[in-house]
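*Asks:* The sequence isn't on hand, but the structure is:
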């Protein structure tokens, strides 16, 4: 009975989450068209709403640990579900994402993503995607802010492992910016797929920055170690039993 009630509340939460996305975007649209920077007020309003409704509708509270960066940095984050996007966006002043280009064609989300300065890449053409990321960031085509990248390239279920891609290392090397690793346990409560959301405390933790200057291989090891070990600790703290990681093949 309790599980059925949680599923119903999860469904209602998901429905209102997308309805509120449309309503908040439409409310702020005139302001965004006049002044592009109002997009950050829009996304901060929406993500605050999602965090608040999650806390009482489905019992999923959220916590930020560490210091969210406010200067021009790369954030390399574990990506387990939509909720980690919500948390990072909510606490960084000018977030922008490296994202798949198909999102640009999504109503509302695509417009907001463009206004935020997100970098759209073709994941099917990895060499070209990396070149485009570097070119857009280095040329100034992307406005200053916090550039968020998911080093594994996609959502990865709690306890699973997927190879880290070289794109984060290339951006770190070419931009000369610090990289802030970010760990999370959101996948324990909010799965990649499905309606069910579980009560608990989802945590996003910003870890100590990796300063510029490391060799590529050393950076990749340092970044992956920080993200994986940090996420494993948060998941274990949430009661998730970590088994031997199973590798997810590249798409």
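*Replies:* Structure's in. What do you need? These figures come from a predicted structure and were not determined experimentally. Numbering: from 1, shown residues only.
*Asks:* Buried ones in whatever helix or strand residue 111 lives in, by neighbour count?
*Replies:* Secondary-structure assignment from DSSP states H and E places residue 111 in helix 109-116. In terms of neighbour count (16 or more other C-beta atoms under 10 Å), helix 109-116 has its buried residues at 110, 111, 112, 113, 115, 116. (Each C-beta comes from the backbone N, C-alpha and C, glycine too.)
*Asks:* Grab the two from these that are most spread out in space.
*Replies:* Taking C-beta to C-beta, the two most distant members of the buried residues of helix 109-116 are 110 and 116; they sit 10.8 Å apart.
*Asks:* Between the two, which contacts overlap?
*Replies:* Between them, residue 110 and residue 116 share no contacting residue under C-beta atoms under 8 Å, 6 or more residues apart in numbering.
*Asks:* Report whether the expected contact of residue 75 with residue 150 is present.
*Replies:* No: contact criterion C-beta atoms under 8 Å: residue 75 and residue 150 do not qualify, at 9.6 Å.
*Asks:* Look at stretch 159-175 and report the distance between its end residues.
*Replies:* 32 Å (C-alpha to C-alpha, to the nearest Å).
*Asks:* buried stuff in it?
*Replies:* Under the neighbour-count criterion of 16+ other C-beta under 10 Å, stretch 159-175 has 159, 160, 162, 164, 165, 167, 168, 169, 171, 172, 173, 175 buried.
*Asks:* now swap in stretch 233-246 and tell me
*Replies:* 234, 235, 238, 240.
*Asks:* Tell me which of those residues has the lowest pLDDT.
*Replies:* Lowest pLDDT within these is found at residue 240 (89).
*Asks:* if we can go back for a sec, for residue 27, state which of the buried residues of helix 109-116 is nearest.
*Replies:* residue 112 (12.6 Å).
*Asks:* Was I right to think that closest one contacts residue 40?
*Replies:* No: between residue 112 and residue 40 there is no contact under C-beta under 8 Å: 10.0 Å.
*Asks:* where exactly do the strands run in the protein?
*Replies:* 60-65, 73-77, 95-100, 119-121, 146-149, 161-162, 179-184, 200-206, 247-248 (DSSP state E).
*Asks:* quick one: which of those is nearest residue 194?
*Replies:* Nearest to residue 194, of all the strands of the chain, is strand 60-65, at 14.4 Å by C-beta to C-beta.
*Asks:* for that closest one, packing partners?
*Replies:* Contact analysis of strand 60-65 by 3 or more C-beta pairs under 8 Å, 6 or more residues apart in numbering; DSSP states H and E lists helix 38-57, helix 82-91, strand 200-206 as its packing neighbours.
*Asks:* What is the last one packed up against?
*Replies:* Of the remaining helices and strands, those touching strand 200-206 by 3+ C-beta pairs under 8 Å, 6+ apart are strand 60-65, helix 82-91, strand 179-184, helix 216-237.
*Asks:* Could you dump these into a markdown table with distance to residue 199 added?
*Replies:* A markdown table is the format used below for the helices and strands packed on strand 200-206 (distance: least, C-beta to C-beta, whole Å):
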| stretch | distance to residue 199 |
| --- | --- |
| strand 60-65 | 6 |
| helix 82-91 | 13 |
| strand 179-184 | 17 |
| helix 216-237 | 15 |
